[in-house]
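Visitor: 3D model of this:
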Amino acid sequence: MIKRVFWIALYTGMAQVLSLFTISYVLRNLGEETSGYMGVIDSSILVIATLISFGIQLSVNRNVATKQSWRSNYTLAQSARFSMSILVVVIGSISFFYSWDVTKWIYFIAPVIALNGDYSLYGHGKPIIAARLSFIRVALPNIAILIGSMFFGHDAIYLYIIFAGVGILNSGLWASKVNKVSYFHTPIKSFYKLYIKYSRVGLFQLSYAILITGILAVTKSFYSIAVLGLVYGILKYFEVFKGVLRIIVQAFFRELKVEGTNLRVDKAGILIGGAVFIPTFLFPNTTLQFIYNDAYNGIEMIFPLFGAAMFLASFKASADMQILMNKKDNVNLYTYLIALVVTITIAIGFSYSENPVYGIPAGLLMGELILLVGLGSSLGGWGFFRERLLFFVKLLPVIILAGFVRYAAGETLLAMGVSVALYGTLTFFFYRKLLFDSSFIIKE
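Guide: Next comes the predicted model:
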């Protein structure tokens with residue numbers, strides 16, 4: 001299991017480091033508008049992929065993992081997904097008549113997204129191959145815009161779209177080869193029936209996607225592309241943070257049935273969430289200057305807002321999956337829908353203010369608070385919050401020590417490095433049993 005988690009974490013980590021480097025490079029060298037287009041493209045791909053899957057792929061993965069005759073279910077799902085993608089292409093084509101936007105070209109990649117069956121590799125017990133394909137899928141567009149910007153400048157955004165499609169196509173072709181199934185599947189007229197059947201799970205997945213990067217695609221009509229570019233620069237870190245939490249949860253997904261496992265997973269998440277305090281609250285100016293130069297001068301508060309959202313998310317790292325295991329789908333659905341409505345409302349409201357750049361992070365912060373309260377209440381109420389707060393109180397002296405370094409030495413890069421090193425060393429010393437105890441490792 002350790003080997004499996006290592007390779008998944010390695011491929012996922014390399015993909016995220018590359019994407020973070022790319023957004024930093026783009027913001028510093030190509031400006032907020034190109035960064036904004038990148039953000040909307042990534043956001044649109046996520047939303048389109050979620051709309052196309054809409055709960056269907058969860059059903060397929062269950063069948064792939066448990067049934068010998070999974071191919072018929074997979075074929076039906078892929079045909080339905082391809083049918084939905086055609087509808088997305090039609091709607092995307094119509095939208096060009098209302099306004100031209102480079103990001104709308106992403107609609108034409110919908111069929112490639114639909115025919116990509118790499119999600120079924122998890123059901124087949126081949127997550128390492130899936131992670132490797134995911135790395136290639138992320139790497140291609142990022143490398144394309146990094147190299148392309150040297151020759152085409154801002155127009156390299158077109159290469160980003162093209163190679164995003166190439167990466168998805170590559171994943172689909174390889175997944176079909178590994179699964180020994182056909183890549184192409186013909187559309188069907190009754191595809192909507194499958195989407196209606198899994199609508200509850202689909203709405204939950206869509207809400208989850210929008211409450212991360214997908215928020216850019218939903219609110220782009222209310223913000224300038226430059227503002228979205230600035231938001232995306234920090235939103236990417238929020239996405240990576242949530243991804244790290246998801247990896248931890250997925251690594252111990254089967255063990256969530258065992259009493260106490262969800263608390264230990266959440267404690268591991270809180271350790272990571274505590275670390276967020278250092279760059280976002282103690283050294284926001286230093287961190288932003290180091291990563292983005294002067295791009296965030298005068299709007300540094302955007303970083304602590306995202307930091308607070310990340311910290312709240314760490315308290316409930318395993319909550320939605322635990323509720324899924326308890327077969328309380330409605331709790332997930334309604335809590336996420338409420339959080340989604342509130343987040344979008346706040347984001348749109350702020351877009352009319354003098355500081356629109358704070359709208360999306362403020363909305364996501366409130367959304368995370370609603371999710372924490374709603375999901376936590378369903379998983380034990382006050383007991384859920386008490387156990388996690390007690391753990392954070394024990395962690396607080398380490399954070400205070402990092403804060404002491406900050407105020408004694410000033411907000412410098414060296415002081416931040418010392419604070420991070422202190423936090424990492426002390427948390428490893430005091431909580432290594434939580435992270436490495438053999439009772440917390442899944443047996444194959």
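Visitor: shaky segments in the stretch 101-250 of the chain?
Guide: By pLDDT under 70, the weakly predicted segments of the stretch 101-250 of the chain are 123-125.
Visitor: Tell me where it has helices.
Guide: 110-115, 120-123, 127-152, 156-179, 191-197, 199-209, 215-219, 225-251 (DSSP state H, counting those that start in this stretch).
Visitor: Report the buried residues of the fifth one.
Guide: For helix 191-197, a neighbour-count test (16 or more other C-beta atoms under 10 Å) marks F191, L194, Y195 as buried. C-beta: built from backbone N, CA, C; applies to glycine.
Visitor: Ok, the fourth one next?
Guide: When neighbours are counted by 16+ other C-beta under 10 Å, the buried residues of helix 156-179 are found to be 156-176, 178-179.
Visitor: Between helix 127-152 and it, find me the angle.
Guide: Computed with axes from the mean of the first three to the mean of the last three C-alpha atoms, to 10 degrees, the direction of helix 156-179 lies at 160 degrees from that of helix 127-152.
Visitor: What lies in contact with helix 156-179?
Guide: Residues from elsewhere that reach helix 156-179 (C-beta atoms under 8 Å, 6 or more residues apart in numbering): 30, 34, 37-38, 41, 45, 74, 102, 105-106, 109, 112-113, 115-118, 120-121, 124, 126, 129-130, 133-134, 136-145, 148-149, 152, 182-183.
Visitor: so I86 touches T186, yeah?
Guide: No. With contact defined as C-beta atoms under 8 Å, I86 does not count as touching T186 (11.0 Å).
Visitor: How is the chain divided into domains?
Guide: Under the assignment automatic domain parsing, the domains of the chain span 1-197, 219-444.
Visitor: wait, which of those domains is closest to I212?
Guide: domain 219-444 (5.3 Å; C-beta to C-beta).
Visitor: gap between the closest one and the chain center?
Guide: 12 Å (C-alpha atoms, centre = their mean, to the nearest Å).
Visitor: Next: stretch 94-101.
Guide: Relative to the centre of its chain, stretch 94-101 is centred 28 Å away, using C-alpha atoms, centre = their mean.
Visitor: I'd like the helices of the stretch 101-250 of the chain laid out as a markdown table, including distance to V398.
Guide: Below are the helices of the stretch 101-250 of the chain laid out as a markdown table (distance: least, C-beta to C-beta, whole Å):
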| stretch | distance to V398 |
| --- | --- |
| helix 110-115 | 43 |
| helix 120-123 | 36 |
| helix 127-152 | 32 |
| helix 156-179 | 40 |
| helix 191-197 | 48 |
| helix 199-209 | 31 |
| helix 215-219 | 32 |
| helix 225-251 | 19 |
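Visitor: Compare the ones you listed and give me the one nearest Y358.
Guide: Closest to Y358 of those, according to C-beta to C-beta: helix 225-251, at 9.1 Å.
Visitor: and the angle for the closest one with helix 127-152?
Guide: Going by the same axes, to 10 degrees, helix 225-251 makes 160 degrees with helix 127-152.
Visitor: got the contact list for stretch 374-386?
Guide: Identification of contacts with stretch 374-386 by C-beta under 8 Å, 6+ apart yields 262, 315-316, 319-320, 322-323, 328, 331-332, 334-335, 338-339.
Visitor: what do you get if the cut-off is 10 Å, keeping everything else the same?
Guide: 262-263, 266, 315-316, 318-320, 322-323, 326, 328, 330-332, 334-336, 338-339, 372-373, 387-389 (C-beta atoms under 10 Å, 6 or more residues apart in numbering).
Visitor: how long is that stretch end to end?
Guide: Distance across stretch 374-386, first residue to last, is 15 Å (C-alpha to C-alpha, to the nearest Å).
Visitor: and what of stretch 209-220?
Guide: End-to-end distance for stretch 209-220: 15 Å, by C-alpha to C-alpha.
Visitor: one step back: and which of the buried residues of helix 191-197 is nearest F290?
Guide: Distances from F290 to those, taken by C-beta to C-beta, are shortest for Y195, at 45.4 Å.
Visitor: Per-residue pLDDT of the nearest residue in space to that closest one that is not next to it in sequence, please?
Guide: Once flanking residues are discounted, Y195 sits nearest to F54: 5.5 Å by C-beta to C-beta, 6 or more residues apart in numbering. pLDDT, F54: 86.
Visitor: surely F54 meets S207?
Guide: No. Using C-beta atoms under 10 Å as the test, F54 is too far from S207 to be in contact (11.7 Å).
Visitor: in the chain, which residue is closest to the centre?
Guide: Of all residues in the chain, the one closest to the mean position by C-alpha atoms, centre = their mean is E239, 4.0 Å from it.
Visitor: and the gap between the spatially closest residue to S149 that is not a sequence neighbour and F6?
Guide: Once flanking residues are discounted, S149 sits nearest to A156: 4.3 Å by C-beta to C-beta, 6+ apart. Counting by C-beta to C-beta, to the nearest Å, the gap between A156 and F6 amounts to 34 Å.
Visitor: again with F54
Guide: Taking C-beta to C-beta, one finds F54 at 32 Å from F6.
Visitor: if you count what's nearby, which of those two comes out ahead?
Guide: F54 (24 against 11; other C-beta atoms under 10 Å).
Visitor: Could you check how many residues crowd around E354?
Guide: 6.
Visitor: Looking at it now. What's its pLDDT?
Guide: On the pLDDT scale, E354 is placed at 91.
Visitor: Kindly report the same for M1.
Guide: 48.
Visitor: R71: neighbouring residues, count only.
Guide: 15.
Visitor: Hmm, V181 and it touching each other?
Guide: Yes. If you go by C-beta under 10 Å, R71 and V181 touch, sitting 6.3 Å apart.
Visitor: Next up, the contacts around L30.
Guide: For L30, the contact set (C-beta under 10 Å, 6+ apart) comprises Y37, M38, I145, S149, G153, H154, A156, I157, G229.
Visitor: tell me which element the first one falls in.
Guide: The secondary structure element spanning Y37 is helix 32-53 (assigned by DSSP states H and E).
Visitor: for that helix, the distance to its chain's centre please.
Guide: 12 Å.
Visitor: Now do the helix or strand containing I94 against helix 32-53, angle only.
Guide: Element membership for I94 (DSSP H and E) is helix 70-95. Orientation check (the same axes, to 10 degrees): helix 70-95 against helix 32-53 gives 140 degrees.
Visitor: Give the buried residues for helix 70-95.
Guide: Judged by neighbour count (16+ other C-beta under 10 Å), helix 70-95 contains these buried residues: 70, 73-85, 88-89, 92.
Visitor: just stretch 209-219 next, same as before
Guide: A209, I210, L211, I212, T213, G214, I215, L216, A217, V218, T219.
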